Structures are given as structure tokens and as C-alpha cells.
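K.L.:
Structure, please.
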Amino acid sequence: MIRLDNLTKVFETPKGPVVAADHISMDVPSGEICILLGPSGCGKTTTLKMINRIVKPTSGKVLINGEDTTGMDTQTLRRNIGYVIQQIGLFPNMTIEENITVVPKLLGWDKARYRERARELMAMIAMDPDAFLKRYPSELSGGQQQRIGVARALAADPPVMLMDEPFGAIDPINRAVIQDEFLKMQQALNKTIMFVSHDIDEAIKMGDRVAVFREGKLVQYSTPDDLLAAPKNSFVESFLGEDRALKRLNLVKVRELVTDEIATVTPGDTLETALAKIEDFGYQNSILMVNERRQPAGIISRSLARTTKGYCRDHFQTVPAVIGLDDDLRKAASLMFAHDTTWLPCVDDEGRVCGHVTQRAMTSHLGARFRTRQGDTRNPDPAIKE
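P.N.:
Down below sits the predicted model:
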């Protein structure tokens, strides 16, 4: 959907020319989020702004859906690209509805259509249309204003969106909520998005691909997993941080590691039966008790089963934690550490036990992937032109 072909920007200064973006070539496939990542002054925002010609390129081309935008009318180009910035840029003298519908009005939409679109978008960003559309930006919190900025960028249903650190000025709690809501919207909307960030965790969470910049050059363009497993050089490695292996926990879902080999007992089983199953299973020091719907009902420990007689229903402990199939390994690891356990029962959407995930499996998976990619410094993605 977006192709940058040797895109270059040179700024003339009193001290001579400064190359802000140096022959940037990359492809962003349709429906993907590409994060432009790097330290301040590395050229990522300049590159973004050349796409909608807020900054005019010195040389090179921008192609959107195969069409060279060089000769395209600037206003037409910008009206077909959604644009969200950190400062939001809402018009203070306009209501929220008027802010959202600016571009649809310019495109000639009729009143009924653009008003309905505003209500649709308010529902999409989890804000009540009746409560907010007639308000002014000054009556909203910073996080709410940022959501309106996203809604305005989506108003005319553009195929391409550009986002320049859109969530950077929001507090961590609201930022995480908005990020999650935006990713849910993206699953439905399937936009092609270029997104500037300086936050590595945000890039890993939000991006299908990550482009790392340094001093105006595109250093590496990879999927988040490849980026963390195989940084191209020492700069990328240091920029990602020493905990990059742990960052990969965010990228792996529990369903990828769950095993259905989980021993269980029922409330009517004896503690002797529970101990036998624990011993047969091997390395676990407890066993899960499930109810008639196969939902977690308690835990029987090895020490309890060895020293006590009776039935499981009379001697169980509370299940410390469970994990869902669509949760990531970071959450699983956090729960394991918090509850001092080496395994967690996994449940489906109905809360039924469908297996378990272990600390050993997580370590093995991440280690194997890291060792496979480590040392492979070849460009892992043909979308970047070397």
C-alpha cells in the first residue's frame, strides 16, 4: 500500500546542508502497522511528513497503492490520508462533532451521512455520542481529546493513516487503554498505518513491522519478533536494551505453548488418587481439581496429599491463578512470579480447563527462537531495499 523509493530530505542551514532522511526505501503492506522507531533527530518524523507532503521531499518517490504521489494535488493527497499527532490539534472553537466531520464536509458528504459517521466513530472509540458530540475540546480530558484526534483521522475512511507519537503525551494507564482500543479497531478497519514512536514497548505491541532509524538512515526493517531476536548491529541491539529477550514475551500467545497434557482430579477423588497422579505426572508439586463443567475448582498440593487422608473436596486450596489462551507470555510470567508457581492452568472462553503452560516451556521456546536467529544478521525482510 505504501512504498518509499529512495526518499530523501536535505535541509539547507546556515552551517550547510543537513540530511534528515537519506534514501529511505521500504514497503508497508496493506493493512499493516509500521512503526518508525529511533532516537530524537533520527529522521523518522521527517520521513512520515514527506508522505503527506507536510515536508516536501528533496528527491525520491512516495507511492500509495501503486500510484506515484509526486504530481498529485497536495490537498487531494492529504484529504485521503488520516493524520494524527501528539499535540492532537483539535479546533478549540468547534464542537467535537464539527472537529470529526471537517474532512467529510470538505469532500462534499451530505449532512446526514457525516453526522452518522461521527456517531459511528464515537461508539468505536468508546465515547457516548450523546454525551460528547456537542461539547468543545476544552471540556475533555487529554486522553479523550486524543481519542477524538484518532476519530477525526478516520472520519473520511482513508486507506492510509499517519500517526506521529499519537499517545506519547498521555499517562501510562490511559495510553495502554487507548492502544488496546486502537488495535481492536484496526482488526476491523484494516488500515495501512505508519506510526512514529520512541517507545520500544509501544512499537513491539502496536507494530506488524518496525523500522529503526539512525542519523537519517533506515538501519533495520523487520517484524518485532525478528527485530528482538536478531538486531542487525550493535546500535539496534543497544537501542532495544538488554532485556530484549524478555520483551519477546509480549509477542507470544499462550495458545502457542499450551499443552493438553494436564492431570486433574474431581472433588470426589481421594487424596491418595491425587498423590498418585502427581507422582505420575512428574515435575509438578500439585494437581488441579476441576468441577463437573471442567472449570478450575481448587489445587491439591503434593505435601497435603502425602500427609492427609480423605477426599479432595475437603482439603483443597484456592487456585492461585489461571491464564487465557489469548493472553501473552508476559502476563503468564508475571502470574507465575507473583504466585510462586512454575505452571498455570489454561482456560478457554468458557472458563474450562484446556491444558497448562509451564515456565520450562516458556524458557525453552524463547531460548530456541533466540538461538536460531542469533548470529543471522542478514536482512530478514525483503520489504527494505538494501
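K.L.:
which residues of the stretch 51-200 of the chain fall in helices?
P.N.:
Here the stretch 51-200 of the chain has its helices, by DSSP state H, counting those that start in this stretch, at 74-79, 96-100, 102-106, 111-124, 129-132, 142-154, 172-189, 200-206.
K.L.:
got the buried residues for the fourth one?
P.N.:
Taking 16 or more other Cβ atoms under 10 Å as the basis for neighbour counts, the residues of helix 111-124 that come out buried are 114-115, 117-118, 121-122, 124. No exception for glycine: its C-beta is placed from N, CA and C like everyone else's.
K.L.:
And the longest one, by the same measure?
P.N.:
Applying a neighbour-count criterion of 16+ other Cβ under 10 Å, one finds 174-175, 178-179, 182, 185-186 buried in helix 172-189.
K.L.:
Would you mind giving the helices of the stretch 51-200 of the chain as CSV with distance to residue 257 and mean pLDDT added?
P.N.:
What follows is these, written out as CSV (distance: least, Cβ to Cβ, whole Å; pLDDT from 0 to 100):
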stretch, distance to residue 257, mean pLDDT
helix 74-79, 45, 84
helix 96-100, 42, 93
helix 102-106, 45, 88
helix 111-124, 33, 91
helix 129-132, 42, 92
helix 142-154, 34, 86
helix 172-189, 22, 84
helix 200-206, 18, 90
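K.L.:
Which of these sits closest to residue 338?
P.N.:
helix 172-189 (18.7 Å; Cβ to Cβ).
K.L.:
how does the chain divide up, domain by domain?
P.N.:
Split into domains by automatic domain parsing, the chain comes to 2-252, 255-367.
K.L.:
starting at the chain centroid, how far to the shortest one?
P.N.:
By that I understand domain 255-367. Distance of domain 255-367 from the chain centroid (Cα atoms, centre = their mean, to the nearest Å) equals 29 Å.
K.L.:
And it, end to end?
P.N.:
One end of domain 255-367 to the other measures 18 Å (Cα to Cα, to the nearest Å).
K.L.:
picking that back up, quick one: which of the buried residues of helix 111-124 is nearest residue 84?
P.N.:
Nearest to residue 84 among the buried residues of helix 111-124, with distances taken as Cβ to Cβ, is residue 121, at 12.9 Å.
K.L.:
I figured that closest one hits residue 155, correct?
P.N.:
Yes - between residue 121 and residue 155 there is a contact at 6.4 Å, judged by Cβ atoms under 8 Å.
K.L.:
Find residues that contact each of these two.
P.N.:
residue 100 (Cβ atoms under 8 Å, 6 or more residues apart in numbering).
K.L.:
how about the helices of the stretch 251-386 of the chain, start to end?
P.N.:
271-281, 302-307, 329-339, 359-373.
K.L.:
Can you give me the end-to-end span of stretch 314-327?
P.N.:
End-to-end distance of stretch 314-327: 32 Å, with Cα to Cα as the criterion.
K.L.:
Which positions in that stretch come out as buried?
P.N.:
Going by neighbour count (16+ other Cβ under 10 Å), the buried part of stretch 314-327 is 315-316, 319, 321-325, 327.
K.L.:
Repeat that for stretch 233-249.
P.N.:
Under 16+ other Cβ under 10 Å, the buried positions of stretch 233-249 are 235-236, 239-240, 244, 247-249.
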